[in-house]
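Undergrad: just the structure for this:
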Amino acid sequence: MKNNADMDLSQRLEAFETLQLKDDAAEVLKQALQLANDCQQVRKYDTAIAVLNKILLSQDASQNAVVQMALGVAYWEKAQLQKALNYFEEALTLFKETHDEVGEAAILSIVGVTFWRK
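TA: Alright, predicted model coming up:
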C-alpha cells in the first residue's frame, strides 16, 4: 500500500503529464522543476530525472540551462558525480551563451563542491 506522499506524488505526476499537453512552456518548466525537487526530497531520484528529461530541449537556452543544472543535481544526489559534472558542464555552456552571470556563478559553485566530494 502506498503512503500519502507516494500517492500525492503519483497524482502530481499524472497532472504533470496532462500539463505537458498544454502550450505553456513556462508553466511546464515551473511544475517540472518543483515536481523533480519534490521527488528528490523523498529520494525518488530516477523519477526526478525522468520528469526533467521529458522537458529537456523543449525550452529556450536559458531555461534549458536550468533543466541541465537540475539534472546534474539529481545525479549528484545519486552520487553519480561524473554524470552530474557532465550536466553541469552543459548548463555552464548555456549560461555563458545567454550571458547569465548568476547561473554561471551557481554552476561554478556546485562544480567546486562536486570536485571536493569526489
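Undergrad: state the helix or strand in which Leu94 lies.
TA: According to DSSP states H and E, Leu94 maps onto helix 81-97.
Undergrad: from the centroid of this structure, which residue is nearest?
TA: For the chain, the residue nearest the mean C-alpha position is Ala70 (2.7 Å; C-alpha atoms, centre = their mean).
Undergrad: other residues contacting stretch 81-94?
TA: Outside stretch 81-94, the residues within contact range by C-beta atoms under 8 Å, 6 or more residues apart in numbering are 61-62, 64-66, 68-69, 71-73, 75-76, 103-104, 107-108, 110-111, 114, 117-118. C-betas here are computed from N, CA, C, even on glycine.
Undergrad: make that stretch 107-118, sorry
TA: Met69, Gly72, Val73, Trp76, Leu81, Ala84, Leu85, Phe88, Glu89, Ala91, Leu92, Phe95.
Undergrad: what about Val102, how many neighbours?
TA: 8 (other C-beta atoms under 10 Å).
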